[in-house]
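S.K.: Generate a structure from the sequence data that follows.
(2 chains)
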Amino acid sequence: SAVISQKPSRDICQRGTSLTIQCQVDSQVTMMFWYRQQPGQSLTLIATANQGSEATYESGFVIDKFPISRPNLTFSTLTVSNMSPEDSSIYLCSVETSGAQYFGPGTRLTVT
Amino acid sequence: GENVEQHPSTLSVQEGDSAVIKCTYSDSASNYFPWYKQELGKGPQLIIDIRSNVGEKKDQRIAVTLNKTAKHFSLHITETQPEDSAVYFCAAINYGQNFVFGPGTRLSVLP
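M.R.: Predicted coordinates:
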């Protein structure tokens, strides 16, 4: 398995600003993922972030809005840019190891 | 692409009873089926998984069964306890593809 931490755990932000979420894993992993979970909903994949390459974004998500960095095999960041109230969600970091996927505790974002 | 349906969306059981959640998938090439438990304010936790070469897997009070012909798999929780109350998500994956999650089931275990 993998132990994943995220910072911040929650934040309240004003519209038009940006927030960077950090994800730290306790072991080296090739594949990291960022998900969004809107209130009462399932998990929606934003992008896949592999070290040494550009992130791959899913339909409906673009790099300008959700830039991702993956500087090494244990760390990644997701930035939510130019936020609006519609961006209020839980953002989850996930890693794949040994064929299974594990999730961090999430970052609860509220945009006012 | 893969599509995963999950039923029921909500489930209430008395403490000590069994709970069953069922998922169906569309892509016959899917070969890995995990189940996640998400408690309020926490990230999803992998609780059990099954691969397509196995029909059933057990871990203490939880079990998962897979019917590849019918393309469905189920989570079984026996002797439910209040701490089993959570939202449960299933997922189906074809190796090398992205995980596709079901919409979730909110389980309430009533004391």
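S.K.: helices or strands next to the lowest-mean-pLDDT helix or strand in chain B in the packing?
M.R.: Ranking every helix and strand in chain B by mean pLDDT, DSSP states H and E puts strand B:100-101 at the bottom, with a mean of 94. Here strand B:100-101 touches strand B:86-92, going by 3 or more Cβ pairs under 8 Å, 6 or more residues apart in numbering or on different chains; DSSP states H and E. C-beta: built from backbone N, CA, C; applies to glycine.
S.K.: Direction included, what does the strand it packs on pair against?
M.R.: strand B:32-38 (antiparallel), strand B:100-101 (antiparallel), strand B:105-110 (antiparallel) (DSSP bridges).
S.K.: I'd guessed B:S28 sits against B:T69; true?
M.R.: No: using Cβ atoms under 8 Å, B:S28 is not in contact with B:T69, being 9.5 Å away.
S.K.: what is in contact with these two at once?
M.R.: Common contacts of B:S28 and B:T69 (Cβ atoms under 8 Å, 6 or more residues apart in numbering or on different chains): none found.
S.K.: Of these two, which one has the most company?
M.R.: Neighbour count, other Cβ atoms under 10 Å in any protein chain shown: between B:S28 and B:T69, B:S28 has more, with 11 against 7.
S.K.: Check which helix or strand the more buried one maps to.
M.R.: Using DSSP states H and E, B:S28 sits within no helix or strand.
S.K.: Now do the same contact list for it.
M.R.: B:68, B:71.
S.K.: And the contacts of the least confident helix or strand of chain B?
M.R.: Identification of contacts with strand B:100-101 by Cβ under 8 Å, 6+ apart yields A:42-43, B:1-4, B:25, B:89-93.
S.K.: I figured B:V20 hits B:T78, correct?
M.R.: No: if you go by Cβ under 8 Å, B:V20 and B:T78 don't touch, sitting 9.8 Å apart.
S.K.: Can you list the strands that whichever strand or helix holds A:S5 pairs with?
M.R.: A:S5 is part of strand A:4-7, with elements assigned from DSSP H and E. Here strand A:4-7 is paired, per DSSP bridges, with strand A:19-25 (antiparallel).
S.K.: what mean pLDDT does the partner strand have?
M.R.: The average pLDDT within strand A:19-25 is 98.
S.K.: Not counting it itself, show me its contacts.
M.R.: A:2-8, A:11, A:13, A:32, A:34, A:74-80, A:83, A:91, A:93, A:95, A:104, A:107, A:109.
S.K.: one more time with 7 Å
M.R.: Residues from elsewhere that reach strand A:19-25 (Cβ atoms under 7 Å, 6 or more residues apart in numbering or on different chains): A:2, A:4-7, A:11, A:13, A:32, A:74-80, A:83, A:91, A:93, A:95, A:104, A:107, A:109.
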